[in-house]
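S.K.: what's the 3D shape of this:
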Amino acid sequence: MSIIPITVYGDSILRKKTEKVKYVDDELIQNIRDMFQTMRNANGIGLAANQVGLDKSVFVIDLQEVEGYEKFKPVVMINPIIVLESDEIVTIEEGCLSLPNLRADVDRPASVKVKYLSTDEQEEIIEADELFARVILHEYDHLIGKMIPDRVNENIKKKLQKQLHDISDRKVEIDYPITEK
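M.R.: Below you'll find the predicted structure:
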């Protein structure tokens, strides 16, 4: 397993829709292992494949380090599709490994139902709420080329501009590797 540099705001791969996975092979399984290691090394709880430069519709989630989620079983979602979102909207501050040190309040549905393939190519459907739902929606956004700045109002986005510019220029201090400009 290896730690992969994380793509950051300004990297073009973060703005394009990822390619669907056609089949699960040894290379993809190794990519997924590397994604978990990279995410944990950066103290993250979710990571999409394009955040490590892979044009694949895959993300990983592990909430075990979050209070109240100690028994959470890590999840890999391949080719996820959001089937249903709740009408109830919750606003919570979010961060992102591709937006080092940036935090912003983001409105998201309180619960979600998602269909995806497991690593053994079995179709799964899961319903999630609270933090798990939020992380699914956040990582799904990455797969369709969206990020936190796309989910906030224009006033907040204007306030974030300098920080976004600094991230894009790699003028951020962080303790995990990121891609070079």
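S.K.: where's the residue positioned nearest the centre of the chain, which helix or strand?
M.R.: Nearest to the geometric centre of the chain sits residue 139, at 3.1 Å (C-alpha atoms, centre = their mean). Using DSSP states H and E, residue 139 falls within helix 130-143.
S.K.: Identify each buried residue in that helix, please.
M.R.: If you call a residue buried by 16 or more other C-beta atoms under 10 Å, then helix 130-143 has these buried ones: 131-143. C-betas here are computed from N, CA, C, even on glycine.
S.K.: Equivalent analysis for stretch 16-34, please.
M.R.: 18, 21, 24, 28, 31, 32, 34.
S.K.: Checking the most far-flung residue of the chain relative to its centre next. Helix, strand or coil?
M.R.: The outermost residue of the chain, judged against the average C-alpha position, is residue 155 (23.9 Å), by C-alpha atoms, centre = their mean. Three-state assignment for residue 155 (DSSP: H, G, I helix; E, B strand; the rest coil): helix.
S.K.: Pull the contacting residues for it.
M.R.: Residue 155 sits next to no residue when contact means C-beta atoms under 8 Å, 6 or more residues apart in numbering.
S.K.: quick one: pLDDT of it?
M.R.: With respect to pLDDT, residue 155 scores 93.
S.K.: ok, it to residue 68 distance?
M.R.: From residue 155 across to residue 68, the span is 33 Å (C-beta to C-beta, to the nearest Å).
S.K.: where along the chain do the strands fall?
M.R.: In the chain, the strands defined using DSSP state E lie at 46-48, 58-61, 75-85, 89-96, 99-109, 111-117, 123-129.
S.K.: Determine which stretch of these is the most buried.
M.R.: Mean neighbour count, computed with mean count of other C-beta atoms under 10 Å, is highest for strand 46-48 among these, reaching a mean of 29.
S.K.: Mind listing the strands it pairs with, and their directions?
M.R.: strand 58-61 (antiparallel) (DSSP bridges).
S.K.: gap between the partner strand and the chain center?
M.R.: 7 Å (C-alpha atoms, centre = their mean, to the nearest Å).
S.K.: Thanks a lot, catch you later.
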